[in-house]
Every structure is written in structure tokens, then in C-alpha cells.
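Q: with the sequence up front, the predicted model follows.
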Amino acid sequence: MKITLKVWRQKSKDTKGEFKTYQHDHVSSDMSFLEMMDVLNTELIKKGEDPIHFDHDCREGICGMCSMYINGQPHGPLQTTTCQLHMRSFKDGETITVEPWRAQAFPVIRDLVVDRTAFDRIQQVGGYISVNTGGVPDANSIPIAKKIADEAFDAAACIGCGACVAACKNASAMLFVSAKVSQFALLPQGHAERKERVEKMVNQMDAEGFGSCTNTSACEAECPKGISVANIARMNREYFSAMISSYEVKVGGGE
Amino acid sequence: MKLESKTPEGPLAEKWTKHKFNLKLVNPANKRKYEVIVVGTGLAGASAAASLAELGYNVKSFCFQDSPRRAHSIAAQGGINAAKNYQNDGDSVYRLFYDTVKGGDYRSREANVYRLAEVSVNIIDQCVAQGVPFAREYGGLLANRSFGGAQVSRTFYARGQTGQQLLLGAYSALNRQIANGKVKVYNRTEMLDLVVVDGKARGIVTRDLVTGKIEAHSAHAVLLCTGGYGNVFYLSTNAKGSNVTAAWRAHKKGALFGNPCFTQIHPTCIPVSGDHQSKLTLMSESLRNDGRVWVPKIAHKGLKAKEAASIPEADRDYFLERKYPSFGNLVPRDVASRNGKMVCDEGRGVGATGLAVFLDFADAIKRDGHDVISAKYGNLFDMYKQITGDDPYKMPMMIFPAVHYTMGGLWVDYNLMTNVPGLYALGEANFSDHGANRLGASALMQGLADGYFVIPYTVGDYLAHIGWNDKVSTDHPAFKEAIEAVNSRTQKLLSIKGKKTVDELHRELGLTMWEYCGMSRNAEGLKTAKKKIQEIKNEFWQNVNVLGGANELNSELEKAGRVADFIELGELMVEDALMRSESCGGHFREESQTPEGEALRKDDDFAFVSAWEYKGEGQAEEMHKEELKFEYVKLTQRSYK
């Protein structure tokens, strides 16, 4: 296959970026998208040009490190991670546009690499059950109905890649945050801190500069793990019920 | 140097309890005066950092990924073992211990393995309390399955992403301590050297991968939880970033490296599709429960999966069923892997590269129906189709073995401390509990056992003994020296400006290791490998091309440093493999086989851990032995006929 790539190049956070066009003549339909990028990078290095930087690690669709918009869609045309996308999904001779996630809360570090530590900070304010190591009850002393356990699992399947934010016209992080909130709200172990958790996490989400949700469900459509927008409804319910019972929570600050 | 395992005296079942009582405690008010560095945020690293912070120690945690949650433990699919005996099918701590020692082909330390089995039950309790969504039965209690040929159902699982769910549990505990101010996380930061002063580990030198800034961090103790070194083979099921650098730098600063040649090859991976291949994807070995492995009796070059149906039944060789009638397709990982490679070496492999065998579900689908097979393996079939474009419901899968796990690692004593005081190694980074072969679903168990339930006790003992005053500041000349060494190495890598990319040289190293130091080895081949690696090393330092600068995000520079360390590790692995002229666990030494061609272990000569000591640039490493004594488990030869 032969393809043309239009790739966003940006040396660092503070420099101006631009699209550069590359002709790529050595593409096999069996390559993953990232392998196609590897081969292009090898060619660039041979020519003495800086390789294109992109985040990646496990390359089996679970670590959530790979990102990029491909032809305007987060992770490209299939509902997978970029590492699981293969070149057979593209046509010979096609021009493919590759960009970093665009969101105020995800600043560009270099080329296609963005800073997603906002997600970490949201979880640090409450995305956990406060138990220390040791001194916990026997695992089977907390029976959980299979239906509830399965629903919690569906929410827990989120890989934290940020495609939901990238897919949203407002760069909202509601799908991500609601998946975390849902997992712990559904499980009995999470009930003790239920109200405080949702308030803190939502406040931190707002402080990080993510946009608002307008229920277009673009996030669900692009989520590589199929996280449902039903989680957003659940989080809203949790949040309002927490507010009514007036927990006082300070607003956290982003970086 | 005499290696002391520090295994406590007394009956096996009482050792850990007794030892915990004998360990010195740190006064609660003094814990805040201690600092501990934890490198790596996988199951071992995240659980250790969180648990130590909960106790009151100040922890600095480092990972090279953009978030601690992305460490490669996340990718584990299958499950985690625990001797809960929830299924009332005869499991016990002793049985899990016994199975693990036997599965490791009698090359692990009995006392460590017993402790692992003992704390396995606490791990499940801990994870459930954190909100890890394990699979459950309709009654609301936890589900179990039998895994990797075990006779009891002791494996807990969370669909095909047990690793992710366990890691998210440990990561959430870590997050809580970050919020409490007890842990400071340095993400996108790589450890590039260990600092040793007066014989004790005192800190590390790191590089900020975004800005390139080199920094020194001092602490009372350093924990390496940095995973395995499977990427020495270039292609493996490891993440692209997984590397040996932290462990290797520690090795060069005096820490012994244990059993480096013990690697595990997984039989069911998706085969290589071409030179562009960057990593290998594992397909769960549960597929062998219903899939039949075969190749044509006579070589058919380039046979595609969609043409498999054209080979009549009589012309197919179901080689595992033929050679191992009682276990058939369910022989252990090493046996399946070796036989798969063997038929390919005979030229009977299938697919474009000839490096693959068929895993055929046609009979199972005929017997059980499409829906039953889909319920069991649907997600795996989808994943396979996604990657290869072939539909396993209509044609056989193609599989080939790939490097999956490394049992070798830094040598540690019973306290998980290396021979360098104050330096610990946890999880896959140490050599300890899996001997020469790891059983399925026990890697996750070990990582969390080390981090949650072993290190909080043992590190406390060390800290109590040295006292909080015994700390070296980063102004010490040893830190300055280490920083200079790191800087000059970086400058050297950038200044070579040769013709080959880092990946090209890495691939050459990987091919050499796979060919000569993989699952089947012989002395002649290993000697060839030694020569070839030397050539690759020379070429690397004269002809590698690393573009860009030191003070920016530079992925080529990161890779170059890691590959330079892999090359040196490769040399040591070959040396270790050459020394160990027996077949055992995950590897087959061709000179050591039974008349039927099966692996022959030599307990009289090789029932020991090899622990290698770095002796300086260009010098041969010196081997030390830790003899293994088996008081409880009877040594037998494995047979799967």
C-alpha cells in the first residue's frame, strides 16, 4: 500500500505546531497503525529527520497509553485503541490526517504526545475506597449480586485513554469520571464514601478545565471499551443526591 | 562472597509467622522520618508504595509511563491464584506451595514459595475490599476456575483483564496516599542509576523524559519493582517500554543477577506477520482446552489458514496428541512451545513465514455448536480477527510461541533484599518464586504478595536497624559522580551518529537471543550467540544513530539507553545458559534429554540458583551459587506421555 500522511508536528508545549505531509510507500495491510508509524520513523531517522513522537506501550489495547485523532476520529475509524487498528482498514492511496488529542485539559507535550495527568488528579481526590493494607474482611463475606458486579465491571473496564474527552465537542470528561464513580457507587464496599467521592471528583474535573456534557453521546461512540453513557446518568444522580444531603467539599485546583 | 538466603529456621508452615515476630519494628512516630524510593508502579510497585505510605513512611514513586496505571501488569489476562479453597475441591496453602515448586521444576526456594501461598489468601481479601470487580456466581460469592492445568479451581479472575483490575486497585490505594501527601509520584521519569555509599543503597539518579532533566533522589531504602526483561528478545508479549535498565544499573553497582537464562515462552501467541512486527500478542492458553494443534504431515510452503480445509484429515499431524496421548493439547507451556517450534524447524510450519502452527476449532464447533464456543472464547476470537483479518469460526487460528515472562532477575534473600543492603527487588524484577518455569496465574499473585504483605515487614526491619539518621544527602560526591556518568553516557549515545537505528540493532539482538538462547539450546549455538552479541555490541557503540538532543522528549534516546543494557544482559543470559547444561523448566538443553527426546533435569549438578556478580567493563562475570535444599517436596521428573 501507499499512503499520504498529514501529521501534526510540534516541538514542545510552548512552540507553534504545524501539519507536515509525508509520503509513505512501504505499508503492508497487516501492519498495525503504530507499526506503520514505526516504519515511517525509521525512514525519517535514515534521512536525518526527527521521528514523530507518539505515546504507546502495551500495544494490545489495554494500557490506554496510545491516543491520536486519525482522520478526525479518536483512535481512528474502528471502536478500538490505535494500537489495535490495522492498515487494512484504510485504502491504498488514501491520505490520512493524524493529530494529538485536542482538549484544554490535555496540553500537547510534543507532536502527538499529550499530558493526561488531569485524569490522575481527578482520581487522587476520591477515586478509591479508603482501606489500608491488611485488616479487611474475608472476600466472601461481602456477597454482591452478579448483576451488580457485572455492571460495576462494565464501568471498571475503562482504560483511561481520554478518547471520550477527545470525541466530545466540549472536551468533557464526564464519561471517564462517571465510569469511576459508578464502579464504586455500585459496589457495597464503596458506599461509605459515596457522597463525598462524587462531589470531590466532579469538582476536580471542573477545576481541570474539562467542558460540560451536552448529552450527544459522542464519547460512548468512540470509547474503545464501550463504556456506556448510562454511567453519566448515574453520576448525575449520585451528584445531585449528594448535594441535597449537603456535604461540604472544597474545590480542588488543577495544574 | 557467601550468599545467605536468610531463610528462617523451623517448620515450613511456621517460618513466616516466626520471622515476622523476629523482625524489628520502627516506632510509629519515627516512620515519618524515613524515605523510601519505589521504582515502577505495576502490581509490586504500586502495592508496595501504597502500603509503606499507609504505615507512615515517605515514599517517592517513579514510572516511565504517563500514569502509574499503565505499568505492564495491566495487560495480564488470565487470573490470580489463591489458596482459598472456596470450591471445597481439596486446595490448601500446602497444595498451592507444592504445585508452584513442582511447576517451577524444583529451582525455587521452598520457604519463599510457601510464604507466597500463605499470603495468597490475604491478597484476594485486600483486592475485594478495594473494589476490584472479580467474577462472581449468581449467589453473589466469588467465582473460580481451573487454570493452566491445575487440578483445583483456585484462580480468581476478572473477565480477560484481571491484571488491569488488580492494578487499578493498587493504583487507587496509591492515589489515596498521593492525596494524603505520603507518596510523591514522578511519572514520565526513568531511573538511570543506583547510588551506593558505604555499601548501602542510598538513592537513584533519574531522567525526566519530558525535559531531559537529570536529578538525584536520596532515601533510606530503594525498591526496584521494574518488571521483567523479556524485551531482550525484541519481540515479546511485553509492552514496548518494558526494560531492564533499572535492574541492570543496580547489577552494575553490585547487585547479583539470579538465573538470567530462565525465561518463559508462551505457546499461544499470534505469529509474526512481517519485518515490521513490533510486538507479539498473547492469546489466552485456555484456547487449548478446545482447539487442536496441527500442521500438515508433508510441508506445504505458505499454506494459508483459509486453505487449511483442503488438507484431508489423513494428511494432518496433530503432533501434541500424537506424542503426548494422555495430556494431548493441554501439555504445559514449555512442552507445547518446544514442539511447535520443532515442527516449524522441520519445515512443516504454516502461513506466509512458515513460523506458525494451526489451532483448529472445527471439531469443537461441530461438537458443541457455534454458540457454546462463542460464549467461551468470543472475545479472543474477535481479538484474533481484529489483528489478523482471519475469522477463527471459519478457519483455524495460526499460533506460534513467544517470550512472555522472565523468571530470572535480581537475586534476593528471604526479605526480598538484594546483596546490596537497602536495595530490594519485588515482583518479576526479582528471581525468587517461580524457579525455572512459572505456573499460570501466579505472576499477579507474586507481585501483590511482595508489595502488600512481605515488604512492609521486611523493609521496616532494615530501617529500624540502620536508624533514621543513616541517610546520605544528594550533595554527597557519589550522587554527583552518578549524575556525571549518566550525562556522559547520554552525550556518547547522541554523538555516535552512525547509520543504524536503535530498533534495527535491537531486532538483531532479539533474533540472536531467540535463535540460540530461546526455548531450545545447545553449547555450540550459545557460543555462536556469544560471538554475535559481541559484534552487535561493537556495532551499537560505533554505528547507532540517535537523533535529537538530551534536553527534550526524545524517544530514540530512551530506547538507545535501554537497548545498550539489553545487549549486556544478553551476554550474561548466554553465559548462564551455557553453564546450565541441563534441561529444566522453560528451557530444553539439547545435550540433556531422555532416550525419548524429553527434557532431562540434572538435580545432582544443578539444584542451585546461579547469582552473577558484575566485575567491571570487559571482565567476565563471576558466578556464585545458592544451593537449593528440598525438605518438603520430593523431586520427580515431569512426564506428560
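A: Good, I have the coordinates. Numbers count the residues shown, from 1 in each chain, chains lettered A, B, ... in the order given.

Q: you'd agree B:N415 is up against B:E4?
A: No - using Cβ atoms under 8 Å, B:N415 and B:E4 do not qualify as a contacting pair, with a distance of 10.6 Å. From N, CA and C alone the C-beta is placed, and that goes for glycine too.

Q: quick one: which of the two has more around it?
A: Higher neighbour count among B:N415 and B:E4: B:N415, with 18 against 10, using other Cβ atoms under 10 Å in any protein chain shown.

Q: surely the more buried one forms part of a strand?
A: No - B:N415 is assigned coil when assessed by DSSP: H, G, I helix; E, B strand; the rest coil, not a strand.

Q: near the closest residue to it other than its chain neighbours, how many other residues are there?
A: Using Cβ to Cβ, 6 or more residues apart in numbering or on different chains and skipping residues adjacent in sequence, the residue nearest B:N415 is B:T458, 3.8 Å away. Counted with other Cβ under 10 Å, residues neighbouring B:T458 total 21.

Q: can you check B:M623 too?
A: The burial count for B:M623: 14, using other Cβ under 10 Å.

Q: tell me, how many residues neighbour B:I298?
A: 10.

Q: thought B:D317 was touching it, still the case?
A: No - B:I298 is beyond contact range of B:D317, at 9.2 Å (criterion: Cβ under 8 Å).

Q: joint contacts of those two?
A: Listed as contacting both B:I298 and B:D317 by Cβ atoms under 8 Å, 6 or more residues apart in numbering or on different chains are B:R348.

Q: got the contact list for A:F90?
A: Counting by Cβ under 8 Å, 6+ apart, A:F90 has contacts A:M1, A:I3, A:I96.

Q: turn those residues into TSV, columns for pLDDT and neighbour count.
A: Below are the contacts of A:F90 laid out as TSV (pLDDT from 0 to 100; neighbours: other Cβ atoms under 10 Å in any protein chain shown):
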residue	pLDDT	neighbour count
A:M1	95	17
A:I3	98	20
A:I96	98	20
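
Q: and those residues, which is closest to chain B?
A: The closest of these to chain B turns out to be A:M1 (Cβ to the nearest Cβ; 12.0 Å).

Q: spatially nearest residue to that closest one (excluding sequence neighbours)?
A: Spatial nearest neighbour of A:M1, chain neighbours left out: A:V27 (4.1 Å); criterion: Cβ to Cβ, 6+ apart.

Q: how many neighbours does that neighbour have?
A: A total of 20 residues lie near A:V27 under the criterion other Cβ under 10 Å.

Q: same thing with the one 5 residues further on?
A: Burial of A:S32, expressed as a neighbour count using other Cβ under 10 Å, amounts to 25.

Q: ok, the one 5 residues further on next?
A: A:M37 has 25 neighbours, counted by other Cβ under 10 Å.

Q: now do the same contact list for the residue nearest to B:L600 when sequence neighbours are not counted.
A: Spatially, and ignoring its direct neighbours in sequence, B:L600 is nearest to B:S592 (4.7 Å; Cβ to Cβ, 6+ apart). Residues in contact with B:S592 (Cβ under 8 Å, 6+ apart) are B:S581, B:E582, B:S583, B:A599, B:L600, B:R601, B:K602.

Q: my read is A:D154 is in a helix, agree?
A: Yes - counting by three-state DSSP, A:D154 falls inside a helix.

Q: so how far is chain B from it?
A: Separation of A:D154 from chain B (Cβ to the nearest Cβ, to the nearest Å) stands at 9 Å.

Q: my read is that that residue contacts A:A230, right?
A: No - taking Cβ under 8 Å as the definition, A:D154 is not a contact partner of A:A230, at 9.1 Å.

Q: look at those two and report which has more neighbours.
A: Between A:D154 and A:A230, A:D154 has the larger neighbour count (other Cβ under 10 Å), namely 21 against 14.

Q: show me what contacts the more buried one?
A: So A:D154 contacts A:I227, A:S228 (Cβ under 8 Å, 6+ apart).

Q: contacting residues for residue 113?
A: In the absence of a named chain, this looks at chain A. Going by Cβ under 8 Å, 6+ apart, A:V113 touches A:H53, A:F54, A:D55, A:P100, B:L553.

Q: you answered for a different chain; I wanted chain B.
A: By Cβ under 8 Å, 6+ apart, the residues touching B:V113 are B:F97, B:T100, B:V101, B:G104, B:D433.

Q: ok, now how distant is it from chain A?
A: For B:V113, the distance to chain A equals 22 Å [Cβ to the nearest Cβ].

Q: secondary structure element for that residue?
A: helix B:110-130 (DSSP states H and E).

Q: what about the helix or strand that that helix is followed by, distance to the chain center?
A: For helix B:110-130, the following helix or strand on the C-terminal side (DSSP H and E) is strand B:155-156. Remark: strand B:155-156 is offset 19 Å from the chain centroid, using Cα atoms, centre = their mean, to the nearest Å.
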